[in-house]
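J.: I would like to see how this sequence folds:
(chains A, B, C and D)
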Amino acid sequence: MSYFGPGHGACPGCGFPIAVKAVLEALEGKAFVVNPTGCLEIVSSMYNRNVWGVPYIHSLFENAAAVAAGIEAALRALNRKHEGHVVVFAGDGATADIGFGMVSGAFDRNHDILYICYDNEAYQNTGNQQSALTPPGARTTTTPVGKRQPGKIGKKKDMVSIAVAHGIPYVASASVGYPNDLKRKVKRAVEFEGAKYIHVHAPCVTGWGIDGKQTVEVARLAVETGLYPLVEFEHGKLVRVMKIKEKKPVEEYLKAQRRFRHLFKHPEGRKIIEELQRIADENIKRYNLLQQ
Amino acid sequence: MSFILIEVRFHGRGGQGAVTAADILAIAGFKQGYYTLSFPMFGAEKRGTPVVSFLRISDKPIVVRDEVRNPDYVVVMDPSLLDVVDVLAGIKKGGMLIANYPKGSEELKEKLKAEDVEIYTINATKMATEILGRPITNTAMVGAFVGATNVVKLEYVEEAIREFFEDKDIAEKNVQLVRKAYEYMREVCAWKE
Amino acid sequence: MERMKLYIGASNPPKTTQMKTGDWGTEWAFVDEEKCIGCGRCVKFCPEPCIELVEKDGNKVAKVDHDYCKGCGICASVCPVNAIRMETKEIYKVEVC
Amino acid sequence: MRRVVRGFYAIAEAVRLCRPNVICAYPITPQTEIVENLAEMYANGELDAEYITAESEFAAASIVLGASAAGARVFTATSSQGLLLMTEVLFNAAGMRLPIVMVVANRSVSAPLSIWNDHQDSMTVRDAGIIQMHAENNQEAHDLIPLAYKVAEDKRVLLPFILNVDGFKLTHAYEPVDLLSQEVVDSFLPPYDPVVKLSTEKPVAMGCYAPPPYYMEFRVAMEYAMERAKKVMEEAFKEWSEIIGRDYGSHVSAEHCEDAEVVAIAMGSLVGLVRDVVEEMRKEGKKVGLLKIRTFRPFPAEEVREALKNANKVIIFERSLSIGSDPPVTLEVKSALFGSSSPEIHSVVIGLGGRDIPREQIVKVISEVYEGKVKPGKRYEGVKEFEEVIP
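T.: Next up, the predicted model:
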């Protein structure tokens, strides 16, 4: 029996259900799911159409980490910790923007929770507005492409480093392109007592401008270019990385998505492509991603 | 059908215990069988700024919670306040001022140009420093207040202090200080009469 | 007026699979049982999820539930032996004169 | 046991006796000492609860929301801006029908910044679906905490509960309070038995979203729950009064109202002073009365109507504003009276931002109305004349 779906309303080819499934399977359904407002919430928890096979709560957009902390405290107080892990599934906006303070608070208190950020790199529920995790150059409805602007200006916030800086016991990045890897990371994460953070890259078919069937391919390209490194930290120390078998140029990743297509025509585009390539190269160096 | 309602205003500086003084007397009055209510003039004061607290003692339940505007008694914990605060504001005719003022009551009476007000003074800073080792004058002024007014019995004040201070040594030192201030004030009053 | 059941505070019982999403797309996934090696990759990646492995003649083969298949094509894209094909639904094939 | 205690201790002690499972709050004057006292009880091992220090009021409210959803009895407290910051969560908690109990140490709202007492904060959440009561003194503040849990957790109700306690005026006052015992509280308040909770044994989804065919019913259901709360509260008042021997008879307390020409209405710590003035004027033979409103939500309209049926003039001492309309209590009273009697309504805004309310002011207001020296309507008492200038 599945712990999530079928019957949810995600777009065909949506990335995050793959992650949700993998996480809940890894935990064998022993989970209390906390989910802030966003795509996942909207597609799964309509009244009378709840598709969750595990206890689930949605409160608000910005408070999933705090709600999870409260549940964890209650389970402790009521001697019910054995029932399951408290797991947050939150989008990038809910994690890195509006709910950022509460993520930090819960990490700071080191609540025994597993926080999963499914990162589809913009506010996709409201129709693709930029968030702090939208990458440079991406076209969103609030960073449109025009004469003076080549899509998003600025960086993608480094949530993995921020999580590590909180001194929590386990931090990792994963991708829906590699569900087995995500499963393993979840199992490893819950061996630690305290706050755990897994950042999961999850393509959005409409926001990124890809076909449903390309989801896995695009997710993997992000990893294979070095733009999205898969890393693992235990007690602040980098313990494992997923090596890249054959490094691919970022252009291959960018060309596959409509949100980056303007970069190949816009006068500022070349600079951004170079910047993205620089970021990818730096990631490869920083985490030693290339297979020897 | 008259009832008792005694209203007191305490002037101190943040950290000196004007609030504690009112609280100790609230407990003592309660132990003696009265209804009591003490509360600070609510501010955001930090250590050293002038502060005010209030005390009401009555033989019927106290329902009014506005600030004490027309006190029967005013207690001043620190001599430096007398230059910056109108400590006698609103005091009742025939009311009493009990002040920590080393230069004595005659001088203070002149300084304040006080009429229709009884004034008693004590060098509480010196007394507190001698016994507590620190110039915290609240319990000394409680002793002086009780000595001058007899509003509550000394034994209830001593009980209240033992209840208020968790540390036994500190409680006993304060009891000693209260007694000393009380006896001093009794003598002063007897001499005046 | 119609009467409705009102779970307190909009709390909901689990796993209602009322919404049959199988009619969303123009295509459906079909498994070529001859080619299928029963590896389960499609099961892992199906976002719905609407693929499961079933026993057939002593072998495991993938089976797609067309009640829920939205036709995204992820399964076909990850199949290592090209055993899944995406096919336009019959209803879209009909040509009106 | 009767002891002289500070208001915040009286509140904290009552909370402790209710055996909460999770406590979480964020410091704000004048609430802070309530949770400081609870923190001390926790540190000393006198409180068998999880005590969480949050990073904001928003988080504190969210944490107790999560804990309550998981089936815990919870407590939080706040004031002023803190309550405003919690607002989104509180509307959410009410909609999810979580019986969160909290104390609001009433304080004015910014700007200008003021830490002092009035009721402008709690009025901002009057439409959230939260039961609201006002304590007159610290005995009430102490006694009403167990009652709050009893009512909020009643299966006919299931709504959050705010106990309003005037900041400083009550929280920082030191006065004798009859403290409840554990046995007494236990005999009145059973352990929390949630109707619905997050559990892996019987999973449910909480906080679902409701499209137009469903939404309205949920909000109307809250309204019905609030109506039922009125009766449930009356039962609880009766039971509690019998157990502790103190009178919590009704949502309102109508004193000398039967033959009063002028009835003065007040809530919270101001009631004592108004009562004192009314009693004094009665002794002078003046037909004045007091209507103390103890429950603000659900608003006891029938009781108010009944108490005011013979009054020619009504004075409402307002501790808040609804800028652009009549102040909140005035609106409620007018609405309650519509279609029955129509006395003169004097809406007197007083003591905002902790401005002290001297006895003479209350005497003056009631006397002027009694003697017919002022026209009915809205006015502001104790406000200096001013002209606005641009620097």
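J.: quick one, strands of the stretch 51-200 of chain D?
T.: Along the stretch 51-200 of chain D, counting by DSSP state E, counting those that start in this stretch, strands occupy D:74-78, D:101-106, D:131-134, D:161-166, D:174-178.
J.: out of the ones you listed, which is the most enclosed?
T.: strand D:74-78 (a mean of 32; mean count of other CB atoms under 10 Å in any protein chain shown). (Glycine included, C-beta is placed from N, CA and C.)
J.: contacts for it?
T.: A:70, A:74, D:11, D:15, D:18, D:20-26, D:28, D:31, D:34-35, D:38, D:57, D:60-61, D:64, D:67-68, D:86, D:100-105 (CB atoms under 8 Å, 6 or more residues apart in numbering or on different chains).
J.: excluding its backbone neighbours, what's nearest the residue of the stretch 51-200 of chain D found nearest chain C?
T.: Residue of the stretch 51-200 of chain D nearest chain C, by CB to the nearest CB: D:Arg97 (3.6 Å). In space, and not counting its chain neighbours, D:Arg97 is closest to C:Gly9: 3.6 Å by CB to CB, 6 or more residues apart in numbering or on different chains.
J.: mind listing the helices for the stretch 51-200 of chain A?
T.: A:64-77, A:92, A:100-108, A:159-165, A:179-189 (DSSP state H, counting those that start in this stretch).
J.: what does chain C give?
T.: Using DSSP state H, the helices assigned to chain C run over residues C:41-45, C:74-78, C:90-93.
J.: now tabulate those in TSV and tack on mean neighbour count and distance to chain A.
T.: Output for these, formatted as TSV (neighbours: other CB atoms under 10 Å in any protein chain shown; distance: least, CB to the nearest CB, whole Å):
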stretch	mean neighbour count	distance to chain A
helix C:41-45	21	5
helix C:74-78	23	5
helix C:90-93	9	15
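J.: make JSON lines from these and add mean pLDDT to it.
T.: Shown next, in JSON lines, are those (pLDDT from 0 to 100):
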{"stretch": "helix C:41-45", "mean pLDDT": "97"}
{"stretch": "helix C:74-78", "mean pLDDT": "97"}
{"stretch": "helix C:90-93", "mean pLDDT": "82"}
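J.: quick one: D:Ser241 from A:Phe32, how far?
T.: 40 Å (CB to CB, to the nearest Å).
J.: before we move on, what about B:Ile170?
T.: Applying CB to CB, the value for B:Ile170 to A:Phe32 is 49 Å.
J.: higher neighbour count, these two?
T.: A:Phe32 (28 against 14; other CB atoms under 10 Å in any protein chain shown).
J.: pLDDT of whichever strand or helix holds the more buried one, averaged?
T.: Secondary structure assigned from DSSP states H and E places A:Phe32 in strand A:31-34. Mean per-residue pLDDT for strand A:31-34: 98.
J.: go on, stretch D:95-111?
T.: Stretch D:95-111 comes out at a mean pLDDT of 98.
J.: now the end-to-end length of it.
T.: For stretch D:95-111, the first-to-last residue distance is 30 Å (CA to CA, to the nearest Å).
J.: ok, B:Leu112 to chain D distance?
T.: Here B:Leu112 is placed at a distance of 24 Å from chain D (CB to the nearest CB, to the nearest Å).
J.: give the contact list for that residue.
T.: Contacts of B:Leu112 were listed using CB under 8 Å, 6+ apart, and they are B:Leu82, B:Val87, B:Leu88, B:Leu97, B:Ile119.
J.: just tell me which of the strands of the stretch 51-200 of chain D ends up closest to B:Val63.
T.: Counting by CB to CB, B:Val63 lies closest to strand D:174-178 out of those; the figure is 10.6 Å.
J.: I'd like the average pLDDT over stretch A:81-93.
T.: When pLDDT is averaged along stretch A:81-93, the result is 98.
J.: in chain D, which helix is the longest?
T.: helix D:212-244.
J.: what of chain B?
T.: helix B:168-192.
J.: shouldn't B:Ala21 be within a strand?
T.: No: assigned with DSSP: H, G, I helix; E, B strand; the rest coil, B:Ala21 falls outside any strand and is helix.
J.: show me what contacts the closest residue in space to it that isn't next to it in sequence?
T.: With sequence-adjacent residues excluded and distances taken as CB to CB, 6+ apart, B:Ala21 is closest to B:Asn138, at 4.2 Å. Residues counted as contacts of B:Asn138 (CB under 8 Å, 6+ apart) are B:Gly12, B:Gln16, B:Gly17, B:Ala18, B:Thr20, B:Ala21, B:Ile24, B:Met77.
J.: any low-confidence regions in the chain?
T.: Reading this off chain A. A:1 (pLDDT under 70).
J.: try again with chain B
T.: For chain B, the ranges with pLDDT under 70 are B:1-2, B:43-45, B:192-193.
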